[in-house]
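Visitor: show me the folded form of this:
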Amino acid sequence: MPKSWNSSYKISKSSIVRVKSEDDIVNAVLKAIDQKSRVRAMGSLYTFANIVSPTKSKSGKDVVLDMQEYRRLVAVDKKNCTITVEGGMKIHELIHHLENNGLSLSNYGNVTGQSVAGVISTGTHGESVKYGSFSSQVKSLRFVNGYGKIVEADFTSQEPKMVHLCNAIGVSVGMLGIITQVTLQCEKLFYLRKSEYSVSYDELMAVWDKLHAQADYVEVTYFPIVDRFTIGVASRLVDDAGRKSFEALRPKVKRNPPNMVDGGNIAGVYLLSMLSSMIDQYTWGRKILTRVFKRLKKLQPDEHKQRFYASIAADVIADKSNVNVKHKEFEVVVPFESSKQVIEKLHEFYQNNPQYITMYPVDFRASKKERFYLSGTHSGDGLWIDFIIPIASVHSFPRKELHELFKPFGARRHWGKLSQLEGGEAVQLYGKDLSLFLDARKTHDPLGLFRNKELDKILHVDDGLFHAHLPDEFPTNDENFSNSTLAAESTSSDDK
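Guide: As a prediction, this is how the structure comes out:
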(Lines give C-alpha, C1' and ligand atoms only; values in the text may rest on other atoms or scores of the structure.)
Protein backbone atom coordinates (compact mmCIF):
# COMPACT_ATOMS: atom_id res chain seq x y z
CA MET A 1 0.00 0.00 0.00
CA PRO A 2 1.70 3.26 -1.11
CA LYS A 3 2.14 5.85 1.61
CA SER A 4 3.50 9.36 1.83
CA TRP A 5 7.25 9.60 2.36
CA ASN A 6 6.71 10.61 6.00
CA SER A 7 3.96 8.01 6.57
CA SER A 8 1.28 10.67 7.15
CA TYR A 9 -1.28 8.78 5.09
CA LYS A 10 -1.69 5.76 2.83
CA ILE A 11 -3.26 5.21 -0.57
CA SER A 12 -5.22 2.01 -1.14
CA LYS A 13 -3.34 -0.08 -3.68
CA SER A 14 -6.59 -1.30 -5.23
CA SER A 15 -7.58 2.26 -6.13
CA ILE A 16 -4.40 3.08 -8.08
CA VAL A 17 -4.42 3.25 -11.87
CA ARG A 18 -1.12 3.75 -13.69
CA VAL A 19 -1.13 6.14 -16.62
CA LYS A 20 1.48 6.48 -19.36
CA SER A 21 -0.10 9.00 -21.71
CA GLU A 22 -2.51 11.90 -21.87
CA ASP A 23 -5.04 9.57 -23.51
CA ASP A 24 -4.81 7.28 -20.47
CA ILE A 25 -5.71 10.22 -18.24
CA VAL A 26 -8.62 11.27 -20.46
CA ASN A 27 -9.95 7.71 -20.48
CA ALA A 28 -9.64 7.45 -16.69
CA VAL A 29 -11.68 10.64 -16.23
CA LEU A 30 -14.32 9.51 -18.74
CA LYS A 31 -14.57 6.17 -16.94
CA ALA A 32 -15.02 7.98 -13.62
CA ILE A 33 -17.87 9.97 -15.14
CA ASP A 34 -19.47 6.78 -16.45
CA GLN A 35 -19.10 4.97 -13.11
CA LYS A 36 -20.13 8.01 -11.06
CA SER A 37 -16.88 7.85 -9.14
CA ARG A 38 -14.08 10.29 -8.35
CA VAL A 39 -10.48 10.60 -9.46
CA ARG A 40 -7.34 12.36 -8.21
CA ALA A 41 -3.70 12.32 -9.33
CA MET A 42 -0.75 11.00 -7.31
CA GLY A 43 2.74 12.40 -7.85
CA SER A 44 5.51 11.73 -5.33
CA LEU A 45 3.36 11.77 -2.17
CA TYR A 46 5.51 14.54 -0.71
CA THR A 47 2.57 16.38 0.83
CA PHE A 48 2.09 16.28 4.59
CA ALA A 49 -1.67 16.80 4.29
CA ASN A 50 -3.67 14.10 2.50
CA ILE A 51 -4.77 16.08 -0.53
CA VAL A 52 -4.33 13.00 -2.73
CA SER A 53 -7.19 10.64 -1.87
CA PRO A 54 -10.53 11.46 -3.53
CA THR A 55 -13.63 12.07 -1.45
CA LYS A 56 -15.53 8.77 -1.36
CA SER A 57 -18.39 8.47 -3.82
CA LYS A 58 -21.40 6.20 -3.44
CA SER A 59 -20.11 3.95 -6.22
CA GLY A 60 -16.98 3.10 -4.24
CA LYS A 61 -14.97 2.94 -7.49
CA ASP A 62 -12.82 6.01 -6.88
CA VAL A 63 -9.33 5.94 -8.37
CA VAL A 64 -5.95 7.61 -7.89
CA LEU A 65 -3.89 8.09 -11.04
CA ASP A 66 -0.24 7.14 -10.59
CA MET A 67 1.84 9.57 -12.70
CA GLN A 68 5.19 7.80 -12.16
CA GLU A 69 5.40 6.66 -15.79
CA TYR A 70 4.09 9.91 -17.22
CA ARG A 71 7.22 12.07 -16.92
CA ARG A 72 8.82 12.56 -20.32
CA LEU A 73 10.61 15.58 -21.75
CA VAL A 74 8.43 17.00 -24.54
CA ALA A 75 10.43 19.92 -25.95
CA VAL A 76 13.21 22.43 -25.26
CA ASP A 77 13.37 25.85 -26.92
CA LYS A 78 16.81 27.27 -26.13
CA LYS A 79 16.19 30.44 -28.14
CA ASN A 80 13.12 31.42 -26.14
CA CYS A 81 14.33 29.72 -22.94
CA THR A 82 11.36 27.40 -22.44
CA ILE A 83 11.01 23.74 -21.59
CA THR A 84 7.91 21.55 -21.93
CA VAL A 85 7.47 18.41 -19.83
CA GLU A 86 4.79 15.94 -18.81
CA GLY A 87 3.14 16.59 -15.47
CA GLY A 88 4.64 13.60 -13.67
CA MET A 89 8.27 14.60 -14.24
CA LYS A 90 10.26 14.95 -11.00
CA ILE A 91 11.93 18.25 -10.20
CA HIS A 92 15.38 16.65 -10.05
CA GLU A 93 14.78 15.26 -13.55
CA LEU A 94 13.69 18.69 -14.72
CA ILE A 95 16.88 20.22 -13.29
CA HIS A 96 18.94 17.63 -15.18
CA HIS A 97 17.30 18.53 -18.49
CA LEU A 98 17.64 22.25 -17.82
CA GLU A 99 21.34 22.03 -16.99
CA ASN A 100 22.05 19.89 -20.05
CA ASN A 101 20.49 22.61 -22.20
CA GLY A 102 22.13 25.57 -20.48
CA LEU A 103 18.90 26.70 -18.83
CA SER A 104 17.63 27.31 -15.31
CA LEU A 105 14.47 28.32 -13.52
CA SER A 106 14.64 31.62 -11.66
CA ASN A 107 13.66 29.98 -8.39
CA TYR A 108 13.27 26.51 -6.89
CA GLY A 109 11.70 24.92 -3.84
CA ASN A 110 13.79 23.31 -1.12
CA VAL A 111 13.45 19.69 -2.24
CA THR A 112 13.48 18.03 -5.64
CA GLY A 113 11.51 14.82 -5.26
CA GLN A 114 8.09 16.27 -6.11
CA SER A 115 6.43 16.17 -9.52
CA VAL A 116 6.13 19.27 -11.70
CA ALA A 117 2.32 19.10 -11.58
CA GLY A 118 2.48 18.71 -7.81
CA VAL A 119 4.58 21.80 -7.09
CA ILE A 120 2.35 23.87 -9.38
CA SER A 121 -0.85 22.58 -7.80
CA THR A 122 0.30 23.36 -4.25
CA GLY A 123 2.05 26.68 -4.97
CA THR A 124 5.49 25.48 -3.87
CA HIS A 125 7.76 28.48 -3.31
CA GLY A 126 11.46 29.30 -3.14
CA GLU A 127 13.46 31.70 -1.00
CA SER A 128 13.36 35.10 -2.69
CA VAL A 129 11.01 38.05 -2.38
CA LYS A 130 12.04 38.90 -5.95
CA TYR A 131 10.34 35.81 -7.41
CA GLY A 132 6.97 34.11 -7.08
CA SER A 133 6.17 30.43 -6.56
CA PHE A 134 6.89 27.66 -9.04
CA SER A 135 3.53 28.45 -10.62
CA SER A 136 4.66 31.97 -11.54
CA GLN A 137 7.19 30.42 -13.94
CA VAL A 138 4.51 28.60 -15.94
CA LYS A 139 4.04 29.90 -19.48
CA SER A 140 1.26 27.49 -20.40
CA LEU A 141 -0.18 24.15 -19.35
CA ARG A 142 -2.70 21.51 -20.39
CA PHE A 143 -5.12 19.74 -18.09
CA VAL A 144 -7.95 17.23 -18.36
CA ASN A 145 -11.07 18.70 -16.78
CA GLY A 146 -14.20 17.15 -15.33
CA TYR A 147 -15.72 16.63 -18.78
CA GLY A 148 -12.75 14.50 -19.84
CA LYS A 149 -11.70 17.30 -22.18
CA ILE A 150 -8.17 18.65 -22.68
CA VAL A 151 -7.98 22.35 -21.82
CA GLU A 152 -5.14 24.68 -22.81
CA ALA A 153 -4.26 27.45 -20.35
CA ASP A 154 -2.11 30.27 -21.79
CA PHE A 155 -0.58 32.24 -18.92
CA THR A 156 0.64 34.98 -21.28
CA SER A 157 -2.86 35.78 -22.55
CA GLN A 158 -4.60 39.03 -21.57
CA GLU A 159 -8.06 37.79 -22.62
CA PRO A 160 -10.32 38.08 -19.52
CA LYS A 161 -11.68 34.53 -19.55
CA MET A 162 -8.23 33.04 -20.03
CA VAL A 163 -6.82 35.24 -17.26
CA HIS A 164 -9.57 33.96 -14.96
CA LEU A 165 -8.80 30.35 -15.86
CA CYS A 166 -5.04 30.74 -15.33
CA ASN A 167 -5.56 32.52 -12.02
CA ALA A 168 -7.49 29.45 -10.88
CA ILE A 169 -5.46 26.57 -12.36
CA GLY A 170 -2.12 28.15 -11.34
CA VAL A 171 -2.61 26.96 -7.74
CA SER A 172 -5.61 24.64 -7.86
CA VAL A 173 -4.68 21.71 -5.58
CA GLY A 174 -6.01 19.37 -8.28
CA MET A 175 -9.60 20.63 -8.00
CA LEU A 176 -10.02 21.75 -11.61
CA GLY A 177 -8.53 18.68 -13.24
CA ILE A 178 -5.39 16.64 -13.90
CA ILE A 179 -2.39 18.65 -15.17
CA THR A 180 -0.85 16.73 -18.06
CA GLN A 181 1.72 19.01 -19.69
CA VAL A 182 3.56 22.16 -18.62
CA THR A 183 5.68 24.72 -20.45
CA LEU A 184 7.98 26.67 -18.13
CA GLN A 185 9.60 30.02 -18.80
CA CYS A 186 13.29 29.66 -17.98
CA GLU A 187 16.43 31.77 -18.25
CA LYS A 188 20.03 31.08 -19.12
CA LEU A 189 21.90 28.87 -16.65
CA PHE A 190 23.32 30.94 -13.82
CA TYR A 191 25.45 30.35 -10.77
CA LEU A 192 25.09 31.36 -7.14
CA ARG A 193 27.57 31.97 -4.36
CA LYS A 194 26.10 31.41 -0.93
CA SER A 195 27.26 32.25 2.56
CA GLU A 196 25.84 30.93 5.82
CA TYR A 197 26.40 32.29 9.31
CA SER A 198 24.77 32.31 12.73
CA VAL A 199 23.28 35.35 14.51
CA SER A 200 21.23 36.26 17.55
CA TYR A 201 17.63 37.49 17.42
CA ASP A 202 18.66 41.14 17.83
CA GLU A 203 21.30 40.83 15.11
CA LEU A 204 18.77 39.29 12.73
CA MET A 205 16.27 42.09 13.28
CA ALA A 206 18.96 44.69 12.64
CA VAL A 207 19.79 43.32 9.17
CA TRP A 208 16.41 41.87 8.11
CA ASP A 209 15.32 44.61 5.72
CA LYS A 210 18.77 45.01 4.21
CA LEU A 211 19.09 41.27 3.60
CA HIS A 212 15.94 41.02 1.53
CA ALA A 213 16.54 44.28 -0.29
CA GLN A 214 20.06 43.44 -1.44
CA ALA A 215 20.37 39.65 -1.72
CA ASP A 216 18.93 37.57 -4.55
CA TYR A 217 17.98 34.66 -2.28
CA VAL A 218 17.59 34.53 1.50
CA GLU A 219 16.79 31.68 3.87
CA VAL A 220 16.70 32.13 7.63
CA THR A 221 16.52 29.13 9.94
CA TYR A 222 15.60 29.48 13.60
CA PHE A 223 16.72 26.96 16.23
CA PRO A 224 14.59 27.69 19.32
CA ILE A 225 16.51 25.23 21.47
CA VAL A 226 19.57 27.51 21.43
CA ASP A 227 17.78 30.72 20.44
CA ARG A 228 19.97 31.27 17.37
CA PHE A 229 19.27 31.97 13.70
CA THR A 230 21.22 30.83 10.67
CA ILE A 231 21.21 33.24 7.74
CA GLY A 232 21.81 31.86 4.26
CA VAL A 233 22.37 34.51 1.58
CA ALA A 234 22.93 33.69 -2.10
CA SER A 235 23.94 36.10 -4.86
CA ARG A 236 24.19 35.59 -8.59
CA LEU A 237 27.55 35.36 -10.35
CA VAL A 238 26.48 37.23 -13.45
CA ASP A 239 29.63 38.44 -15.20
CA ASP A 240 32.40 36.50 -16.89
CA ALA A 241 34.74 37.09 -13.98
CA GLY A 242 32.19 35.68 -11.60
CA ARG A 243 31.65 32.60 -13.74
CA LYS A 244 35.38 32.01 -14.07
CA SER A 245 35.62 32.30 -10.31
CA PHE A 246 32.88 29.70 -10.00
CA GLU A 247 34.62 27.31 -12.40
CA ALA A 248 37.77 27.65 -10.32
CA LEU A 249 35.82 26.87 -7.17
CA ARG A 250 33.75 24.04 -8.61
CA PRO A 251 36.33 21.24 -8.26
CA LYS A 252 36.72 22.16 -4.60
CA VAL A 253 33.08 22.20 -3.57
CA LYS A 254 30.55 19.44 -3.26
CA ARG A 255 27.31 19.72 -5.15
CA ASN A 256 24.17 19.82 -3.04
CA PRO A 257 26.09 20.76 0.13
CA PRO A 258 24.34 20.05 3.43
CA ASN A 259 22.40 22.85 5.05
CA MET A 260 24.97 23.36 7.82
CA VAL A 261 24.71 25.62 10.82
CA ASP A 262 27.88 27.62 11.30
CA GLY A 263 29.09 29.92 14.02
CA GLY A 264 30.32 26.92 15.97
CA ASN A 265 27.44 26.99 18.43
CA ILE A 266 25.27 24.10 17.24
CA ALA A 267 27.33 22.14 14.76
CA GLY A 268 25.97 18.62 14.58
CA VAL A 269 22.38 19.59 15.32
CA TYR A 270 21.09 17.35 12.55
CA LEU A 271 22.74 14.24 13.95
CA LEU A 272 21.24 14.89 17.32
CA SER A 273 17.86 15.57 15.75
CA MET A 274 17.55 11.82 15.21
CA LEU A 275 17.99 11.33 18.94
CA SER A 276 15.51 14.13 19.51
CA SER A 277 12.86 12.39 17.42
CA MET A 278 12.94 9.56 19.94
CA ILE A 279 12.97 11.49 23.20
CA ASP A 280 11.13 14.72 22.29
CA GLN A 281 7.89 13.06 23.34
CA TYR A 282 9.16 13.17 26.92
CA THR A 283 9.30 16.47 28.79
CA TRP A 284 12.39 15.35 30.70
CA GLY A 285 14.13 14.58 27.40
CA ARG A 286 13.55 18.05 26.03
CA LYS A 287 14.77 19.63 29.27
CA ILE A 288 18.02 17.66 29.18
CA LEU A 289 18.69 18.51 25.53
CA THR A 290 17.93 22.18 26.12
CA ARG A 291 20.40 22.37 28.99
CA VAL A 292 23.11 20.58 27.02
CA PHE A 293 22.77 22.84 24.01
CA LYS A 294 22.61 26.03 26.03
CA ARG A 295 25.79 24.93 27.79
CA LEU A 296 27.48 24.30 24.44
CA LYS A 297 26.33 27.69 23.23
CA LYS A 298 28.06 29.43 26.15
CA LEU A 299 31.32 27.66 25.38
CA GLN A 300 31.49 28.99 21.82
CA PRO A 301 33.14 32.23 20.71
CA ASP A 302 30.92 35.14 19.68
CA GLU A 303 32.39 35.78 16.24
CA HIS A 304 30.33 34.82 13.20
CA LYS A 305 32.12 32.09 11.30
CA GLN A 306 30.93 32.06 7.71
CA ARG A 307 30.78 29.15 5.31
CA PHE A 308 30.81 29.75 1.56
CA TYR A 309 30.07 27.60 -1.44
CA ALA A 310 29.12 28.08 -5.09
CA SER A 311 27.22 26.06 -7.67
CA ILE A 312 24.41 26.28 -10.22
CA ALA A 313 21.23 27.79 -8.80
CA ALA A 314 19.40 24.47 -8.46
CA ASP A 315 22.20 23.02 -6.34
CA VAL A 316 22.27 25.98 -3.98
CA ILE A 317 18.52 26.52 -3.53
CA ALA A 318 17.06 23.04 -3.94
CA ASP A 319 17.53 19.58 -2.44
CA LYS A 320 18.60 20.53 1.05
CA SER A 321 15.96 18.99 3.26
CA ASN A 322 16.42 20.38 6.74
CA VAL A 323 15.99 17.15 8.62
CA ASN A 324 16.90 13.78 7.21
CA VAL A 325 14.56 11.80 9.43
CA LYS A 326 10.81 11.37 9.19
CA HIS A 327 8.92 14.43 10.29
CA LYS A 328 5.89 16.55 9.48
CA GLU A 329 5.65 20.21 8.56
CA PHE A 330 3.24 22.99 9.46
CA GLU A 331 3.56 26.04 7.20
CA VAL A 332 1.82 29.39 6.85
CA VAL A 333 2.51 32.62 4.98
CA VAL A 334 2.04 36.12 6.36
CA PRO A 335 2.31 39.50 4.60
CA PHE A 336 5.97 40.39 4.19
CA GLU A 337 5.32 43.89 5.49
CA SER A 338 4.48 42.27 8.85
CA SER A 339 7.42 39.83 8.80
CA LYS A 340 9.51 41.45 11.55
CA GLN A 341 6.50 41.78 13.82
CA VAL A 342 5.58 38.13 13.26
CA ILE A 343 9.12 36.92 13.99
CA GLU A 344 9.10 39.03 17.16
CA LYS A 345 5.84 37.39 18.26
CA LEU A 346 7.13 33.90 17.45
CA HIS A 347 10.42 34.48 19.26
CA GLU A 348 8.50 35.71 22.28
CA PHE A 349 6.20 32.67 22.09
CA TYR A 350 9.11 30.22 22.36
CA GLN A 351 10.79 32.22 25.11
CA ASN A 352 7.59 32.11 27.16
CA ASN A 353 6.65 28.50 26.30
CA PRO A 354 9.80 26.35 26.51
CA GLN A 355 7.65 23.22 26.75
CA TYR A 356 7.06 23.49 22.99
CA ILE A 357 10.73 23.67 22.04
CA THR A 358 12.15 20.73 20.11
CA MET A 359 15.48 20.11 18.40
CA TYR A 360 13.95 20.83 15.03
CA PRO A 361 14.16 24.20 13.26
CA VAL A 362 11.76 26.78 11.86
CA ASP A 363 12.45 28.07 8.33
CA PHE A 364 11.69 31.56 7.04
CA ARG A 365 11.59 32.17 3.27
CA ALA A 366 10.00 34.98 1.29
CA SER A 367 8.26 35.02 -2.09
CA LYS A 368 6.78 37.63 -4.38
CA LYS A 369 3.14 38.59 -4.91
CA GLU A 370 1.45 36.60 -7.67
CA ARG A 371 -1.88 36.39 -9.48
CA PHE A 372 -3.30 33.01 -8.43
CA TYR A 373 -6.47 32.99 -6.31
CA LEU A 374 -5.36 30.31 -3.83
CA SER A 375 -1.73 31.41 -3.68
CA GLY A 376 -0.43 32.39 -0.28
CA THR A 377 0.95 35.58 -1.81
CA HIS A 378 -2.03 36.61 -3.94
CA SER A 379 -2.51 39.80 -1.91
CA GLY A 380 1.16 40.80 -1.69
CA ASP A 381 4.72 39.67 -1.00
CA GLY A 382 4.81 37.08 1.76
CA LEU A 383 7.00 35.43 4.38
CA TRP A 384 6.60 31.67 4.62
CA ILE A 385 7.11 30.14 8.07
CA ASP A 386 7.75 26.39 8.02
CA PHE A 387 7.82 24.38 11.26
CA ILE A 388 9.67 21.06 11.21
CA ILE A 389 7.89 18.66 13.58
CA PRO A 390 9.49 15.39 14.77
CA ILE A 391 7.08 12.49 14.39
CA ALA A 392 7.27 11.72 18.11
CA SER A 393 6.27 15.30 18.97
CA VAL A 394 3.32 15.76 16.62
CA HIS A 395 0.87 15.23 19.47
CA SER A 396 2.41 18.07 21.50
CA PHE A 397 3.02 20.51 18.64
CA PRO A 398 1.15 23.78 19.46
CA ARG A 399 -0.80 23.94 16.22
CA LYS A 400 -3.78 25.77 17.70
CA GLU A 401 -1.63 28.24 19.64
CA LEU A 402 0.45 29.10 16.57
CA HIS A 403 -2.68 29.40 14.46
CA GLU A 404 -4.01 31.99 16.89
CA LEU A 405 -0.66 33.79 16.86
CA PHE A 406 -0.66 34.12 13.06
CA LYS A 407 -4.40 34.70 12.63
CA PRO A 408 -4.34 38.51 13.21
CA PHE A 409 -1.89 38.80 10.31
CA GLY A 410 -4.21 37.08 7.84
CA ALA A 411 -1.99 34.02 7.51
CA ARG A 412 -2.73 31.73 4.56
CA ARG A 413 -1.76 28.07 4.45
CA HIS A 414 0.64 26.06 2.34
CA TRP A 415 -1.58 23.57 0.52
CA GLY A 416 0.84 20.67 0.88
CA LYS A 417 1.56 21.14 4.59
CA LEU A 418 -0.35 20.74 7.84
CA SER A 419 -2.65 23.60 8.83
CA GLN A 420 -5.26 24.57 11.37
CA LEU A 421 -7.25 26.53 8.78
CA GLU A 422 -10.70 25.07 8.16
CA GLY A 423 -14.21 25.81 6.97
CA GLY A 424 -15.81 29.17 7.54
CA GLU A 425 -12.52 30.71 8.60
CA ALA A 426 -10.98 29.93 5.21
CA VAL A 427 -14.02 31.33 3.42
CA GLN A 428 -13.66 34.57 5.35
CA LEU A 429 -9.89 34.75 4.88
CA TYR A 430 -9.81 34.06 1.12
CA GLY A 431 -13.04 35.95 0.47
CA LYS A 432 -13.48 37.04 -3.14
CA ASP A 433 -10.43 35.02 -4.20
CA LEU A 434 -12.14 31.82 -3.10
CA SER A 435 -15.38 32.81 -4.85
CA LEU A 436 -13.50 33.35 -8.09
CA PHE A 437 -11.69 30.04 -7.73
CA LEU A 438 -14.88 28.11 -7.03
CA ASP A 439 -16.52 29.79 -10.03
CA ALA A 440 -13.79 28.37 -12.27
CA ARG A 441 -14.06 25.02 -10.52
CA LYS A 442 -17.79 24.76 -11.22
CA THR A 443 -17.07 25.45 -14.87
CA HIS A 444 -14.46 22.72 -15.22
CA ASP A 445 -15.60 20.20 -12.61
CA PRO A 446 -19.37 20.61 -12.21
CA LEU A 447 -19.75 16.99 -11.09
CA GLY A 448 -17.17 17.14 -8.32
CA LEU A 449 -14.96 14.45 -9.88
CA PHE A 450 -11.79 15.87 -8.34
CA ARG A 451 -13.00 16.41 -4.79
CA ASN A 452 -10.83 15.60 -1.78
CA LYS A 453 -12.03 15.27 1.83
CA GLU A 454 -9.30 17.50 3.27
CA LEU A 455 -10.01 20.25 0.76
CA ASP A 456 -13.78 19.86 1.15
CA LYS A 457 -13.45 20.89 4.80
CA ILE A 458 -11.20 23.85 4.13
CA LEU A 459 -12.99 25.29 1.12
CA HIS A 460 -16.54 24.45 2.20
CA VAL A 461 -17.09 22.29 -0.87
CA ASP A 462 -20.22 20.28 -0.15
CA ASP A 463 -21.80 19.86 -3.58
CA GLY A 464 -22.94 16.33 -4.30
CA LEU A 465 -21.66 14.22 -7.16
CA PHE A 466 -23.83 14.31 -10.27
CA HIS A 467 -26.22 16.97 -9.04
CA ALA A 468 -25.46 18.86 -12.24
CA HIS A 469 -26.48 17.76 -15.72
CA LEU A 470 -23.55 16.69 -17.89
CA PRO A 471 -23.98 18.23 -21.37
CA ASP A 472 -23.33 16.18 -24.48
CA GLU A 473 -20.83 18.74 -25.73
CA PHE A 474 -18.18 20.72 -23.89
CA PRO A 475 -19.04 24.46 -23.84
CA THR A 476 -17.50 26.66 -26.52
CA ASN A 477 -14.94 29.28 -25.51
CA ASP A 478 -17.64 31.95 -25.49
CA GLU A 479 -19.66 29.89 -23.01
CA ASN A 480 -16.75 28.74 -20.91
CA PHE A 481 -17.48 30.88 -17.89
CA SER A 482 -20.77 31.14 -16.13
CA ASN A 483 -19.93 34.52 -14.65
CA SER A 484 -18.17 36.84 -17.08
CA THR A 485 -18.42 39.71 -14.61
CA LEU A 486 -16.22 37.84 -12.13
CA ALA A 487 -13.72 37.12 -14.88
CA ALA A 488 -13.57 40.77 -15.87
CA GLU A 489 -13.18 41.84 -12.24
CA SER A 490 -10.28 39.44 -11.76
CA THR A 491 -8.47 41.02 -14.70
CA SER A 492 -8.55 44.47 -13.18
CA SER A 493 -7.65 43.42 -9.64
CA ASP A 494 -4.79 40.97 -10.17
CA ASP A 495 -1.28 41.07 -11.56
CA LYS A 496 -0.86 39.51 -14.96
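
Visitor: every contact and neighbour count from this point should use C-alpha atoms.
Guide: Will do.

Visitor: can you give me the strands for the stretch 51-200 of the chain?
Guide: For the stretch 51-200 of the chain, strands defined by DSSP state E, counting those that start in this stretch occupy the ranges 63-66, 73-77, 82-86, 103-104, 138-144, 150-154, 178-185, 187-188, 191-199.

Visitor: how many neighbours does Phe372 have?
Guide: Phe372 has 29 neighbouring residues, counting by other Cα atoms under 10 Å.

Visitor: hmm, I typed the wrong one, I wanted Ser311.
Guide: Neighbourhood size, Ser311 [other Cα under 10 Å]: 24.

Visitor: in stretch 69-86, which residues are buried?
Guide: 70-73, 76, 81-86 (16 or more other Cα atoms under 10 Å).

Visitor: need the longest helix for this structure.
Guide: Ordering each helix of the chain by length in residues (DSSP state H) puts helix 423-444 first.

Visitor: next, the angle from it to strand 150-154.
Guide: 110 degrees (axes from the mean of the first three to the mean of the last three Cα atoms, to 10 degrees).

Visitor: what's the first helix or strand after helix 423-444?
Guide: Per DSSP states H and E, helix 423-444 leads on to helix 453-459 as the next helix or strand towards the C-terminus.

Visitor: looking at the buried residues of stretch 69-86, which is nearest Phe190?
Guide: The closest of those to Phe190 turns out to be Cys81 (Cα to Cα; 12.9 Å).

Visitor: pretty sure the closest one is touching Lys188, no?
Guide: Yes - between Cys81 and Lys188 a contact is recorded at 7.0 Å, counting by Cα atoms under 8 Å.

Visitor: which residues are common contacts for these two?
Guide: Leu103 (Cα atoms under 8 Å, 6 or more residues apart in numbering).

Visitor: centroid-nearest residue for the protein?
Guide: Taking Cα atoms, centre = their mean, the centroid of the chain lies closest to Thr124, which sits 2.3 Å from it.

Visitor: pLDDT at that one, what is it?
Guide: What the model reports for Thr124 is a pLDDT of 94.

Visitor: which residues are in contact with it?
Guide: 109, 133-135, 414.

Visitor: and it, how far from Trp415?
Guide: From Thr124 over to Trp415 the distance is 9 Å, taken as Cα to Cα, to the nearest Å.

Visitor: what sits against the closest residue to Glu196 other than its chain neighbours?
Guide: Distances taken as Cα to Cα, 6 or more residues apart in numbering place Gly232 nearest to Glu196, at 4.4 Å, with adjacent residues excluded. Contacts for Gly232 (Cα under 8 Å, 6+ apart) come out as 194-197, 218-220.

Visitor: my guess is Val362 contacts Tyr222. True?
Guide: Yes - using Cα under 8 Å, Val362 is in contact with Tyr222, at 5.0 Å.

Visitor: for the stretch 301-450 of the chain, just list every one of the strands.
Guide: Under DSSP E, counting those that start in this stretch, the stretch 301-450 of the chain gives strands at 307-312, 327-335, 362-367, 382-390, 412-413.

Visitor: reformat those strands as JSON lines; add mean pLDDT and distance to Gln355.
Guide: Below are the strands of the stretch 301-450 of the chain laid out as JSON lines (pLDDT from 0 to 100; distance: least, Cα to Cα, whole Å):
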{"stretch": "strand 307-312", "mean pLDDT": "68", "distance to Gln355": "32"}
{"stretch": "strand 327-335", "mean pLDDT": "93", "distance to Gln355": "18"}
{"stretch": "strand 362-367", "mean pLDDT": "97", "distance to Gln355": "16"}
{"stretch": "strand 382-390", "mean pLDDT": "93", "distance to Gln355": "14"}
{"stretch": "strand 412-413", "mean pLDDT": "94", "distance to Gln355": "25"}
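
Visitor: got the ones you listed as CSV, with distance to His164 columns?
Guide: Output for these, formatted as CSV (distance: least, Cα to Cα, whole Å):
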stretch, distance to His164
strand 307-312, 35
strand 327-335, 23
strand 362-367, 22
strand 382-390, 22
strand 412-413, 21
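
Visitor: and the residue nearest to Glu196, what element?
Guide: Here Gly232 is assigned to strand 228-237, by DSSP H and E.

Visitor: that strand pairs with which strands, parallel or anti?
Guide: Taking DSSP bridges as the criterion, strand 228-237 pairs within the sheet with strand 191-199 (antiparallel), strand 217-223 (antiparallel).

Visitor: now do that strand against strand 362-367, angle only.
Guide: 30 degrees.

Visitor: what about strand 228-237, distance to the chain center?
Guide: 20 Å (Cα atoms, centre = their mean, to the nearest Å).

Visitor: thinking again about what came up before, check the strands paired with strand 228-237 for me: which has the lowest mean pLDDT.
Guide: strand 191-199 (a mean of 88).

Visitor: quick one: name whatever helix or strand follows that one.
Guide: Defined by DSSP H and E, the subsequent element after strand 191-199 is helix 201-214.

Visitor: on that earlier part again, out of the strands paired with strand 228-237, nearest to Ile179?
Guide: It's strand 217-223; of those, that one is closest to Ile179 (Cα to Cα) at 28.9 Å.

Visitor: which outside residues touch the closest one?
Guide: Contacts for strand 217-223 (Cα under 8 Å, 6+ apart): 127-129, 211-212, 228-235, 359-366.

Visitor: now do the closest residue in space to Glu370 that isn't next to it in sequence against Gly132, distance only.
Guide: Nearest non-adjacent residue to Glu370, counting by Cα to Cα, 6+ apart: His378, 5.1 Å away. With distances taken as Cα to Cα, His378 is found 10 Å from Gly132.

Visitor: which of the two has more neighbours?
Guide: Neighbours per residue (other Cα under 10 Å) separate His378 from Gly132, with Gly132 holding more: 28 against 21.

Visitor: find the nearest non-adjacent residue to the more buried one, please.
Guide: Closest to Gly132 by Cα to Cα, 6+ apart is Lys368, at 4.4 Å.

Visitor: got a list of what the one you found touches?
Guide: Applying Cα under 8 Å, 6+ apart, the residues near Lys368 are 128-133, 377, 380-382.

Visitor: just flag the most distant two among the buried residues of stretch 69-86.
Guide: Tyr70 and Cys81 (23.0 Å).

Visitor: now do stretch 124-141: distance to the chain's middle.
Guide: 10 Å.

Visitor: beta-bridge partners for the nearest residue to Ile150 once chain neighbours are set aside, please?
Guide: Of all residues not flanking Ile150 in the chain, Val144 sits nearest, at 4.5 Å (Cα to Cα, 6+ apart). Note on Val144: beta-bridge partners by DSSP bridges are Ile150, Ile178.
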